[in-house]
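# Could you look at this predicted model? Sequence included:
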Amino acid sequence: MLTKKYYILFLISIAVSVFKAQIPTATILTPTTTLCSDKAFTFLTNTTNTPTAYSWSVSPANSVGIFPNLNGQAIVLTFSNSGIFVVSLNVANASGSTTTSQTLTINKSAKALFNASLNNVGFPNQLNLTNYSSNALSYNWLFSDDATIYSTTNILKSYITSGSYSVTLISFGIVGCNDTSGYAFRISDSSSFYLPNIFSPNNDNVNDIFKPVAQGIKELHVWIYNRYGVIIYDWDKPKGFWDGYTTSGLPCDAGIYFCVAEALGFDNKSYKLKGNVTLVK
């Protein structure tokens, strides 16, 4: 049988144990084993003894974005730089408080960035993609119209039909700290074709050649006639032009010439145009 002295000590021990058991504890749950910069991560907690107050802290704190605040049960953190960070959480209630910490290694993310431009209006067309990504080890280009995965740094891709398209760049960083960027575009679905009426082949880099203004043209044949009705020049490719010389390489005199052009668009629209062309020197 316990004496009165030991009975009192036993009660005090029980009271202290009960008091200590009421102090809350917390465990910080890291969302993933790989943490990357410039990405939002949610940190949750497991707690005991019903905390009534939460207080988070991050060290160093000068490159960390915090949402929504430091006093919630969970917190969303975005690290703008790589490095070693310590995340701490203090939980408290009426019985007391405890603090727990986690040391985090943040890896630098790749940044996917590129410029996209079409070489002209309509079709056929070329999409010019220039890669400005940073912190990337390699790249993948994914196209909505093409199952091929391209891994070159930059790319030039041809389109011969109209439609809506998209491209996605995946920039691969260390330990899976990747980033993506996308671009959607449309190539117009109608062809057009007309003839200029004057040019000046004087090598000043201004209007030096005569060529039809064409969009979406897949077949083309052009004939140039002098005032006597003699063919002095012709070509049969969409990218051809007249530089003011005859087919034999002789310079043509200034004056008025006659042009006949026949063309077929990728939309199967056909053209047959005739008109005067003034050569100015």
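Perfect, thanks for sending it. On a predicted model such as this, the values are computed, not experimentally measured, just so you know.

# all helices for the stretch 1-150 of the chain, in order.
4-21 (DSSP state H, counting those that start in this stretch).

# Would you map the strands across it?
For the stretch 1-150 of the chain, applying DSSP state E, counting those that start in this stretch gives strands covering 25-29, 35-36, 40-48, 53-59, 64-67, 75-79, 83-93, 96-107, 114-118, 125-131, 138-143, 146-150.

# List the residues that contact Asn131.
For Asn131, the contacting residues are 113-114, 139, 153-154, 169, by CB atoms under 8 Å, 6 or more residues apart in numbering. For every residue, glycine as well, the C-beta is placed using N, CA and C.

# Closest to Asp204 out of the residues you listed?
Among these, Asn154 lies closest to Asp204 (CB to CB), at 32.7 Å.

# I'd say that closest one and Leu129 touch.
Yes: using CB atoms under 8 Å, Asn154 is in contact with Leu129, at 6.1 Å.

# and the two? which has more neighbours close in?
Neighbour count, other CB atoms under 10 Å: between Asn154 and Leu129, Leu129 has more, with 20 against 14.

# can you pull the pLDDT of that one?
pLDDT recorded at Leu129 is 97.

# what about Ile75, distance to Trp141?
Distance, Ile75 to Trp141, using CB to CB, to the nearest Å: 36 Å.

# and the residue nearest to the spatial centre of the chain, what are its bridge partners?
Centroid-nearest residue in the chain: Ser181, 2.4 Å away (criterion: CA atoms, centre = their mean). Per DSSP bridges, the residues bridged to Ser181 are Leu169.

# Tell me who's in contact with it.
Neighbour list for Ser181: 112-114, 168-169, 171 [criterion: CB under 8 Å, 6+ apart].

# Out of these, the closest to Thr246 would be?
Set against Thr246, the nearest of the contacts of Ser181 by CB to CB is Phe114 (45.8 Å).

# The closest one reaches Leu169, doesn't it?
Yes: at 5.3 Å, Phe114 counts as touching Leu169 under the criterion of CB under 8 Å.

# Give the residue spans of the stretch 151-281 of the chain that score low on pLDDT.
Applying pLDDT under 70 to the stretch 151-281 of the chain flags no residue at all.
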